[in-house]
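K.L.:
Fold the following for me, if possible:
(one chain, ligands or ions: 2)
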Amino acid sequence: MTKKALITGITGQDGSHLCDFLMEKGYKIIGLKRRSSSFNTKRIDHIYNDISQTKNFIPYYGDLTDSSNILRVIQSTQPDEIYNLAAQSHVHTSFEIPEYSANADALGTLRILEAIRVLKLQKKTKFYQASTSEIFGNTEIPQSEKTPFRPRSPYAIAKLYAYWTTVNYREAYKIFAVNGILFNHEGPRRGETFVSRKVTRAVAEIYHKKRKFFTLGNLNAKRDWGSAKDYVRSMWLMLKAKKPSDYVIATGKSYTVKKFVEEAFKYIGVKISWKGKGINEVGIDKKTGHIYVKVDPKYFRPTEVFELRGDASKAKKELKWKPSTNFKELVAEMMEHDLNEIK
Ligand code: NAP
Ligand code: F7E
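P.N.:
Ligands and ions are numbered 1, 2, ... in the order given. Down below sits the predicted model:
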């Protein structure tokens, strides 16, 4: 029997990759997308445009802040699996819209789990929650499933509520519900305001002489950057496991924002060195002295998470998951894409 998966956040980076991955496995996909005044389906247009795929792809308008809509979509589609990837996912923005972030990211998760319960789908529908390394905050390094949570942003706090709601509905109502605690993952479909894509796009624009320099915030933050395509595979593996549980998904290596910048410039043959301190620090072309990177305090967060590095041993052992793309390959893939796109 063809399996049906409901993906919320289908128009996002992960939603689009997961959709490609599950369709390849023969799933029928129900995709929840938001109404927008301009096109927001760029990442899934290749599915819309492929006539052979359209019968297996059913888009629904929806929003995680609207309980009746969530209930109706789940009731009418009766999915075997729900992947809750929709979220206000930008950490910095969550400081500006904390209430909305909580409504969508925290209560949105509760609304889906409640719908599963109210519709008596506990035995049929498995649930995946897009949890995040942000729930750890500044704590021990590396972080595993046993690390205490100390969230440092409205986004992280909302996601922690969603994390515990998922655990609670698993224990209280025996729903097959899991949290994937995913560390940063990127790729050519990454939103342009996240630091990785912001850097690869800016470096590509510099290469094509469309820009002279760009500005960043905290250059010293360290992140464990993996590839989105690798990470969506882990979501499916979690729902295929014998028992529902929560898993850290990470590469185990962390790099500074500076290192990301250096690697991106290396791809276009420029060696970057750093001069100055704090907000006066600049990234310069070692050969010519041209300033390519400056600091703009508007990108600083009121509370920052300094280093995230994950220990994915549990997922490696129990799910046989492992990352296939390293940091250098990830930056190269994004640079290649952005150089072509901007050309
Ligand atoms: P993304 O590119 O920002 O995509 C978010 C998706 O959610 C978009 O489709 C967006 O729709 C949709 N959305 C936002 N608010 C919504 C609402 N109120 N109702 C319905 N849909 C809504 O995020 P992503 O990188 O793919 O991440 C997927 C999920 O994993 C998110 O929950 C994120 O918090 C979590 N996560 C991401 C990472 C990472 O490194 N990427 C790591 C850990 C966890 P529009 O296209 O209309 O905006
Ligand atoms: O920032 C620093 C910034 O916005 C990474 C989301 O997918 O991953 C993502 O959240 C680091 C931070 O990602 C700029 O201060 C410096 O330390 O790319 P980011 P994030 O905040 O780690 C987690 C796991 C999620 O769950 C989220 O949904 O880079 N940084 N300069 C900057 N960040 C941005 N955005 N822009 C800058 O100019």
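K.L.:
And stretch 240-252, end to end?
P.N.:
Here the two ends of stretch 240-252 are set 24 Å apart, with distance taken as C-alpha to C-alpha, to the nearest Å.
K.L.:
Show me what counts as buried in it.
P.N.:
Of the residues in stretch 240-252, those scored as buried under the neighbour-count criterion (16 or more other C-beta atoms under 10 Å) are 244-252. For the C-beta atoms, the positions are set from N, CA and C on the backbone; glycine is no exception.
K.L.:
Check stretch 191-199 too.
P.N.:
For stretch 191-199, using 16+ other C-beta under 10 Å, the buried residues are 194-199.
K.L.:
And stretch 303-323, by the same measure?
P.N.:
Of the residues in stretch 303-323, those with enough neighbours to count as buried (16+ other C-beta under 10 Å) are 304-305, 307-312, 314-316, 319, 321, 323.
K.L.:
so who does the residue in the chain that ligand 1 sits nearest to touch?
P.N.:
When scored by C-beta to the nearest ligand atom, the chain has residue 12 as its residue closest to ligand 1, at 2.1 Å. Residues touching residue 12, when contacts are defined by C-beta atoms under 8 Å, 6 or more residues apart in numbering, comprise 43, 85-86, 89, 191.
K.L.:
Any chance of a ChimeraX selection covering the buried ones in those residues?
P.N.:
This is how ChimeraX selects the buried members of the contacts of residue 12, with burial counted by 16+ other C-beta under 10 Å:
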select :43,85,86,89
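K.L.:
can you tell me which of the contacts of residue 12 are up against ligand 2?
P.N.:
Among those, the residues that sit close to ligand 2 (C-beta under 6 Å from any ligand atom) are residue 89.
K.L.:
can you redo the contacts of residue 12 as TSV with pLDDT and secondary structure?
P.N.:
Supplementary listing: the contacts of residue 12 in TSV, determined by pLDDT from 0 to 100; DSSP: H, G, I helix; E, B strand; the rest coil:
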residue	pLDDT	secondary structure
43	97	helix
85	98	coil
86	98	coil
89	98	coil
191	98	coil
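K.L.:
so which of the contacts of residue 12 comes closest to residue 232?
P.N.:
Sorting the contacts of residue 12 by distance to residue 232 puts residue 85 at the head of the list, at 8.8 Å, by C-beta to C-beta.
K.L.:
can you tell me how far the closest residue to the closest one other than its chain neighbours sits from residue 200?
P.N.:
Counting by C-beta to C-beta, 6 or more residues apart in numbering, residue 9 is the residue found nearest to residue 85 once chain neighbours are left out, at 3.6 Å. Computed as C-beta to C-beta, to the nearest Å, the residue 9 to residue 200 distance reads 22 Å.
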